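> Pasted the sequence and its predicted model underneath.
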Amino acid sequence: MCTRPSHVSVSAWLAECHRPALLSHQRPDGDSLGAMLALKLLLAQRGIEPRPLLFDPVPQRYACLADDLDARLWDQATGDELADCDSVIIVDTCALAQLAPAADWLAQAPRTLVIDHHATRDAIATRRGDLRVIDADASATCLLIAEWAVDQRLEISPRTATALFVGIATDCGWFRFSNTDARTLRVSAELIEAGAVPAELYSALFERDKPARLRLIARMLGSLEIKANGRLAVMYLRQSDFAAAGADAQMAADLVNEAARLGDTEATLLFTEQADGSIRVNLRSKRCLDVAALAREFGGGGHARAAGAQLTGDWDTAVTAVVRRTQELLEEL
């Protein structure tokens, strides 16, 4: 299901903004950060001054975007700063669980625009004067922003092209995932023409790992279990694994995709114990299993082929429940 007002409608909504708060989900990734930075640069052409706010620091992997974004952390923003914002723009999510630190504020926030491509959505930006641009067929939020910018004939500078390309390429697994379609490749080619340099960006994003991350990967792969007659791969990372590897939480990003090289699996689960005792489960599928629907059963969401959820309670109980439910769904396919 899509909610796609015309590009003109989006521009008309933005024309009434001067100082929008610019938000995205917790644990920012390439698409969320790329979308925030691209919007900041594009809106500046229209005299709009977005105030980027992050719930978590920019991961080291995306250091190439951090300086230009110059975002404040949410817990450091003052009431006066928030009161000075005349609108809100939320990118790459429409889920309150992913905006939890700002949930109370959003309930009474100024007029709000959501730009997103996820199937999971809550009642955000549904008031009079709000606007939602949601296209679950789009491979990335950055794709939607790029299409709007091209349609409205905004200048896409090399910095803007880089931000948008990072968002699209990372959400598509560097164009390996099933969401890579002709629409995605056409826009990506235009961004390359505008100044994005794929080889340099790939090196900056994926070829600068520290030894600790490789040690963490080794521990994760050492936990690998194959279930459901070879159709399900399950991996685990406990806090003891991070300590033994000398790794931090940011180094777990995208590790779930390591199991995709297994030839017979349909789905992969990665359970990661968080510092506060909660459990993050990342879910991936290749062809048939809707992991977004599965994640929603456990309070999460995402895409049909890539999703996640935050679990609470006892490790064994929570993990067993998700694994059992995944096996049941695989048996139905």
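Alright, I've got the coordinates. The structure displayed is predicted, hence computed values, not measured ones. Numbers count the residues shown, from 1 in each chain.
> C-alpha from now on. contacts and neighbour counts both.
Fine.
> Tell me where the stretch 1-150 of the chain has helices.
7-14, 30-44, 63-69, 79-83, 103-107, 141-151 (DSSP state H, counting those that start in this stretch).
> tell me the secondary structure for the residue located most distally from the centre of the chain?
For the chain, the residue at maximal distance from the C-alpha centroid (C-alpha atoms, centre = their mean) is Asn229, at 31.2 Å. Of the three states, Asn229 takes helix under DSSP: H, G, I helix; E, B strand; the rest coil.
> Got the confidence number for it?
Asn229 carries a pLDDT value of 96.
> returning to that earlier point: determine which stretch of the helices of the stretch 1-150 of the chain is the most buried.
helix 30-44 (a mean of 26; mean count of other C-alpha atoms under 10 Å).
> Distance from the chain centre to it, please.
13 Å (C-alpha atoms, centre = their mean, to the nearest Å).
> Tell me the buried residues in stretch 312-327?
Buried residues in stretch 312-327, counted by 16 or more other C-alpha atoms under 10 Å: 315, 318-319, 322-323, 326-327.
> neighbours around Asp70, how many?
Residues lying near Asp70 (other C-alpha atoms under 10 Å) number 14.
> can you tell me how far it sits from Ala83?
20 Å (C-alpha to C-alpha, to the nearest Å).
> Kindly report the same for Gly313.
37 Å.
> ok, and what's touching the top helix by length along the chain?
The residue-count maximum for a helix in the chain (DSSP state H) belongs to helix 315-332. Helix 315-332 is contacted from outside by 227-228, 231-232, 234, 269, 271, 279, 289, 294, 298, 311-312, using C-alpha atoms under 8 Å, 6 or more residues apart in numbering.
> Between which two of those is the distance greatest?
Maximum pairwise distance in the contacts of helix 315-332, criterion C-alpha to C-alpha, is 26.1 Å, between Arg231 and Thr312.
> thinking again about what came up before, save the contacts of helix 315-332 as a markdown table, and put in distance to Ala249 too.
Formatted as a markdown table, those follow (distance: C-alpha to C-alpha, whole Å):
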| residue | distance to Ala249 |
| --- | --- |
| Lys227 | 27 |
| Ala228 | 29 |
| Arg231 | 28 |
| Leu232 | 24 |
| Val234 | 19 |
| Leu269 | 17 |
| Phe271 | 13 |
| Ile279 | 12 |
| Leu289 | 28 |
| Leu294 | 24 |
| Phe298 | 22 |
| Leu311 | 16 |
| Thr312 | 18 |
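> Drop anything exposed from those.
By the neighbour-count criterion of 16+ other C-alpha under 10 Å, those include these buried positions: 228, 231-232, 234, 269, 271, 279, 289, 294, 298, 311.
> re earlier: out of the contacts of helix 315-332, which sit inside strands?
With strands defined by DSSP state E, the entries of the contacts of helix 315-332 inside them are 227, 232, 234, 269, 271, 279, 311.
> so what's the second one up against?
Translated: Leu232. 226, 265-269, 327.
> One more: the first one?
Contacts were defined as C-alpha under 8 Å, 6+ apart; by that measure Lys227 touches 233-234, 327.
> From Ala63, how far out is Val166?
Val166 is 12 Å from Ala63, by C-alpha to C-alpha.
> Give me the pLDDT for Arg4.
Looking at Arg4, the pLDDT reads 64.
> Please apply the same query to Glu200.
Value listed for Glu200 in the pLDDT field: 97.
> Please tell me how far it sits from Cys64.
Glu200 is 11 Å from Cys64, where distance means C-alpha to C-alpha.
> And Thr312, by the same measure?
Going from Thr312 to Cys64 by C-alpha to C-alpha gives 34 Å.
> for stretch 25-36, how far is the first residue from the last?
11 Å.
> Could I get the contacting residues of Arg287?
266, 305.
> my bad, should have said Cys172
With C-alpha under 8 Å, 6+ apart, Cys172 has these contacts: 139-140, 178-180.
> Would you list the buried entries among those?
When those are checked for burial by 16+ other C-alpha under 10 Å, the buried set is 139-140, 179-180.
> how about the residues you listed in a markdown table, adding distance to Ala77 and pLDDT?
Supplementary listing: those in a markdown table, determined by distance: C-alpha to C-alpha, whole Å; pLDDT from 0 to 100:
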| residue | distance to Ala77 | pLDDT |
| --- | --- | --- |
| Ser139 | 32 | 97 |
| Ala140 | 28 | 98 |
| Asn179 | 36 | 93 |
| Thr180 | 37 | 96 |
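> Alright, I will stop here.
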